[in-house]
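[1] Please work out how this folds:
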Amino acid sequence: MGQSLLMAAWASAFEPRDLITAQILLTRDDTETRRRWLNARATVGALLDMGVVPVVNENDTVATDEIRYGDNDRLAARVAQMIGADLLILLSDVDGLYTADPRSNPGAVHIPHVETLTAEIEAMAAGPNAGAGMGTGGMATKLMAARIAADAGCATLIAAGQSMEAGQTLGADARSTLIDPATTVQAAYKQWIGGSLAPRGRLVVDPGCARALPDGKSLLAVGLVSADGAFSKGDPVAILDGSGAEIARGLVRYDAGDLSKIIGVRSGDLAAALGYEGGPVVVHADDLALRR
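    Residues are numbered from 1 along each chain as shown. Down below sits the predicted model:
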């Protein structure tokens, strides 16, 4: 019932500027399935070429717990990534990122600019700050969205959204947090792997492997320390170093059962461990996206 009222409101807001709006409903499955991702990108691009403003929302009618975003921040980031946007604007009930929750901690310091999303920056949203933001999209999800956008070469602006006046929210004197994009932008295919796919499992690698992956090397069985998750061949997995930090995501070449047999196994011993001839590559460099 609310969709028609929502779109009527958007149409009314854009009408004075002679702009037409069009609704697009997506699920996470639409961005995780490559063909559907490409189709969605083509549709958004065609609308923009015609001067139409797409209004994107999650398709709650068909979304399930397994294929839903659950927050509009990451949905917005994946759409920004999809179309190659320069700037992602996320509106909240606070005017940007703070070192602590400003509503409960008077000593919280506002952070106007973030050059690189480090673990320390992300940790600021893991405590009381995590609840900041309307709906299910708190500050933690906004930083997750900003990382997706940054990896795609897109900056993120987090600002207060209570005012309907753009000048108050986005003007030069308005308080906000600008998060810079990554200096090195990955190809669209790797952006899709790193930013649009939810990992089905986790692989922990040894220090040598963790150092080699940023140099464009593939993940080999000998470099594995452990693996967990119920994944199949071709599924996305998260790749972690020994400290538990996620360093990459990729498409795995073995299912979980077979991979458990070859953890740390050298190439020459793979056939004996598997019972068939299998290659040493667990995640090929071409199917691997580094986390910044």
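[2] What are the buried residues along the longest helix belonging to the chain?
    In the chain, taking DSSP state H as the definition, the longest helix is helix 34-49. For helix 34-49, a neighbour-count test (16 or more other Cβ atoms under 10 Å) marks 37, 40, 41, 44, 47 as buried. The C-beta positions use only the backbone N, C-alpha and C, and glycine is treated the same way.
[3] Quick check: which ranges of this protein have low pLDDT?
    For the chain, applying pLDDT under 70 flags the ranges 1, 62-70, 126-137, 163-172, 292.
[4] Can you give the domain ranges for it?
    For the chain, the TED database gives the domain ranges 1-190, 197-290.
[5] neighbours around the residue lying closest to residue 160 once chain neighbours are set aside, how many?
    The shortest distance from residue 160 to any residue other than its chain neighbours is 4.1 Å, reached at residue 95 (Cβ to Cβ, 6 or more residues apart in numbering). Neighbour count for residue 95, taken as other Cβ atoms under 10 Å: 20.
[6] and the helix or strand containing residue 7, what other elements does it pack with?
    Take DSSP states H and E as the rule and residue 7 turns out to sit in helix 2-14. Helix 2-14 sits against strand 20-26, strand 52-58, with contacts defined as 3 or more Cβ pairs under 8 Å, 6 or more residues apart in numbering; DSSP states H and E.
[7] what's next to it, contact-wise?
    20, 21, 23, 53, 55, 57 (Cβ atoms under 8 Å, 6 or more residues apart in numbering).
[8] for it, which positions count as buried?
    For helix 2-14, by 16+ other Cβ under 10 Å, it's 10, 11.
[9] how distant is it from the center of its chain?
    28 Å (Cα atoms, centre = their mean, to the nearest Å).
[10] Make a markdown table from the helices and strands packed on helix 2-14 and add distance to residue 225 to it.
    As requested, the helices and strands packed on helix 2-14 are exported to a markdown table (distance: least, Cβ to Cβ, whole Å):
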| stretch | distance to residue 225 |
| --- | --- |
| strand 20-26 | 36 |
| strand 52-58 | 37 |
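[11] a markdown table please, covering the ones you listed and showing mean neighbour count.
    Output for the helices and strands packed on helix 2-14, formatted as a markdown table (neighbours: other Cβ atoms under 10 Å):
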| stretch | mean neighbour count |
| --- | --- |
| strand 20-26 | 16 |
| strand 52-58 | 16 |
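[12] who wins for proximity to residue 220 among those?
    Nearest of the helices and strands packed on helix 2-14 to residue 220, taken as Cβ to Cβ: strand 20-26 at 36.1 Å.
[13] just the angle between the closest one and helix 2-14, please?
    150 degrees (axes from the mean of the first three to the mean of the last three Cα atoms, to 10 degrees).
[14] Follow the chain on from strand 20-26 and name the next helix or strand.
    Trace forward from strand 20-26 with DSSP H and E and the next one is helix 28-32.
[15] And that next one, what does it pack against?
    Counting by 3+ Cβ pairs under 8 Å, 6+ apart, helix 28-32 packs on helix 34-49, helix 188-196.
[16] Redo those helices as a markdown table? Include distance to residue 125.
    A markdown table is the format used below for those (distance: least, Cβ to Cβ, whole Å):
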| stretch | distance to residue 125 |
| --- | --- |
| helix 34-49 | 27 |
| helix 188-196 | 18 |
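[17] So for residue 279, which of the ones you listed sits nearest?
    Closest approach to residue 279 among the helices and strands packed on helix 28-32 (Cβ to Cβ): helix 188-196, 19.5 Å.
[18] Quick one: list the elements packing against the helix or strand following the closest one.
    Once helix 188-196 ends, the next helix or strand along the chain (criterion: DSSP H and E) is strand 201-205. The contact analysis (3+ Cβ pairs under 8 Å, 6+ apart) places strand 201-205 against strand 224-229, strand 236-240.
[19] Nice, that's everything, thank you.
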